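*Asks:* fold the following for me, if possible:
(chains A, B, C and D)
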2 protein chains.
Amino acid sequence: MHCGEMGSRWGFNRTIGQMCGLLIITKNPMTANEIADALSISRGNVSMGIKELQSWQLIRVQHIPGDRKEYYAPAGDIWDMANRVFEERKKREIEPTLTLLRDNLLDEASNDDELYAQKQMGEIHNLLETVTKWSSELQRLTPEQLNKLMKLGSGIGKVIDLKDKIFKKE
Amino acid sequence: MHCGEMGSRWGFNRTIGQMCGLLIITKNPMTANEIADALSISRGNVSMGIKELQSWQLIRVQHIPGDRKEYYAPAGDIWDMANRVFEERKKREIEPTLTLLRDNLLDEASNDDELYAQKQMGEIHNLLETVTKWSSELQRLTPEQLNKLMKLGSGIGKVIDLKDKIFKKE
DNA sequence: ATTTAGTTTCTGAAATTACTGAAAGTTATT
DNA sequence: AATAACTTTCAGTAATTTCAGAAACTAAAT
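*Replies:* The predicted structure is shown next:
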């Protein structure tokens, strides 16, 4: 139920949130009908939800030999799923804006106000670009490196300073 | 207009998104009426929007001496604002879940299925906690350090390995 | 105390989004 | 080819969200 309430904050809707939560905490893969029963929602709704969750790559189908039904299970572990949600949201929340800003920055400003507007848009553009670049590079780290990095916390500041000192001459 | 379309993805609604965008790209502070006119929306709607944007700490009131009207302007620079949105969303999207998970993990599992559910919830809990901790520690860095870190990109992997080598003995 | 210039709150209408249930579609089995 | 066991689509309905505009409120100026 909580996943339902949070669903829309996380980028989908109530039912879809519930479905996702249910599949995560349920040990065995479930059929569409089982999902509908468990959450008291219509079969059709489940079908739509499945489609949506698949488009987020959060669930996958599993076939059980000798059984014709389709069984659904989470696709990957919790970390994988979080990553996918993050990526998908980046695509929806950041990329369109980045494109628009780029286009706008190409126009020539014809007065002071426009100049100011462009300056501000430039700032936003830089910020978003930095964030996307950084986040995709984080994903390139091995889980082990990532773990170390997280544990480091704000200690990272010291490491950066250290690195600076060592390579000062370059 | 684009800020309007994106508004709901960013956590507020169309009108509020537009208001925020307008205030950012406009050089001088604006009155509520100017905002209403510029966006062709009702005065009441602007008032609600202002309240909401203030709750996100994205805009601030400015009084102009000898003028009775209230003027509104963005609160802080782009980076500040992004930070606030990020913080606010963390509060809305992560913290409630963290609380719920903690409560649930205190219950004793009474069978195998519950045990599995708890294991999964534990995973989510860890993930969310790591992310929140890390993000709040990043904010403790000076803007300069942060900038260096961002520029480092995937080079961060090498720096971590370096640090490991140096402090191997500890 | 009244007027005036402004802000906020609130109601119901409009627009959007989500959901159901029935019908259509698909695929394995006989 | 017909049936049976499922899944998907879709039209209409229900629920939610957003919004305008009127009414209520507040405070400065007279």
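*Asks:* any idea how far the residue nearest in space to the middle of chain A lies from DNA strand C?
*Replies:* The residue lying closest to the centre of chain A (C-alpha atoms, centre = their mean) is residue A:86, at 1.3 Å. From residue A:86 across to DNA strand C, the span is 20 Å (C-beta to the nearest atom of the strand, to the nearest Å). Every residue, glycine included, has its C-beta placed from N, CA and C.
*Asks:* which SSE is that residue in?
*Replies:* For residue A:86, the host element (DSSP states H and E) is helix A:78-93.
*Asks:* any bit of that helix sitting next to chain B?
*Replies:* Yes. Under the criterion of C-beta under 8 Å from any C-beta of the partner chain, chain B is reached by helix A:78-93 at A:78, A:79, A:82, A:89, A:92, A:93.
*Asks:* residue numbers of chain A in contact with DNA strand C?
*Replies:* Neighbours of DNA strand C within chain A, by C-beta under 7 Å from any atom of the strand: A:8, A:13-16, A:40-45, A:48, A:68.
*Asks:* all helices for chain A, in order.
*Replies:* A:2-7, A:14-25, A:32-39, A:43-55, A:78-93, A:95-106, A:112-138, A:143-152, A:156-166 (DSSP state H).
*Asks:* buried residues in the third one, which are they?
*Replies:* When neighbours are counted by 16 or more other C-beta atoms under 10 Å in any protein chain shown, the buried residues of helix A:32-39 are found to be A:32, A:34, A:35, A:36, A:39.
*Asks:* next one: the shortest one
*Replies:* Neighbour counts using 16+ other C-beta under 10 Å place A:3, A:4, A:6, A:7 of helix A:2-7 among the buried residues.
*Asks:* is chain B within reach of that helix?
*Replies:* Yes. Against chain B, helix A:2-7 shows contacts by C-beta under 8 Å from any C-beta at A:2, A:6.
*Asks:* for stretch A:140-148, same thing?
*Replies:* Yes. Stretch A:140-148 reaches chain B (C-beta under 8 Å from any C-beta) through A:140, A:141, A:142, A:145, A:148.
*Asks:* report the contact partners of the last one.
*Replies:* When the contact criterion is C-beta atoms under 8 Å, 6 or more residues apart in numbering or on different chains, the partners of residue A:148 are B:160, B:164.
*Asks:* how does chain A divide up, domain by domain?
*Replies:* A:2-74, A:78-166 (automatic domain parsing).
*Asks:* circling back: now the buried residues of helix A:32-39 in JSON lines, with pLDDT and distance to residue A:157?
*Replies:* Listed next are these as JSON lines, based on pLDDT from 0 to 100; distance: C-beta to C-beta, whole Å:
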{"residue": "A:32", "pLDDT": "97", "distance to residue A:157": "50"}
{"residue": "A:34", "pLDDT": "97", "distance to residue A:157": "50"}
{"residue": "A:35", "pLDDT": "98", "distance to residue A:157": "47"}
{"residue": "A:36", "pLDDT": "97", "distance to residue A:157": "51"}
{"residue": "A:39", "pLDDT": "97", "distance to residue A:157": "46"}
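*Asks:* output those residues as JSON lines; include the columns distance to residue A:23.
*Replies:* Converted to JSON lines, these look like this (distance: C-beta to C-beta, whole Å):
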{"residue": "A:32", "distance to residue A:23": "11"}
{"residue": "A:34", "distance to residue A:23": "10"}
{"residue": "A:35", "distance to residue A:23": "8"}
{"residue": "A:36", "distance to residue A:23": "13"}
{"residue": "A:39", "distance to residue A:23": "11"}
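*Asks:* so what's the residue count around the closest residue to DNA strand D within chain A?
*Replies:* Closest contact between chain A and DNA strand D, by C-beta to the nearest atom of the strand, is at residue A:44 (2.9 Å). Applying other C-beta atoms under 10 Å in any protein chain shown, we find 10 residues neighbouring residue A:44.
*Asks:* list the residues that contact it.
*Replies:* Contacts of residue A:44 by C-beta under 8 Å, 6+ apart: none found.
*Asks:* re earlier: now the helix holding residue A:86 - C-alpha only, CSV.
*Replies:* What follows is helix A:78-93, C-alpha atoms only, in CSV (Å, rounded to 0.1, in the frame of the first residue of the first chain):
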residue,chain,number,x,y,z
ILE,A,78,17.2,-3.8,-5.8
TRP,A,79,20.2,-1.8,-6.9
ASP,A,80,19.5,-2.6,-10.6
MET,A,81,16.0,-1.5,-10.2
ALA,A,82,16.8,1.7,-8.5
ASN,A,83,19.3,2.4,-11.3
ARG,A,84,16.7,1.9,-13.9
VAL,A,85,14.3,4.2,-12.2
PHE,A,86,17.0,6.8,-12.0
GLU,A,87,17.9,6.5,-15.6
GLU,A,88,14.4,6.6,-16.8
ARG,A,89,13.7,9.7,-14.8
LYS,A,90,16.8,11.4,-16.0
LYS,A,91,15.5,10.8,-19.5
ARG,A,92,12.1,12.2,-18.7
GLU,A,93,13.0,15.1,-16.4
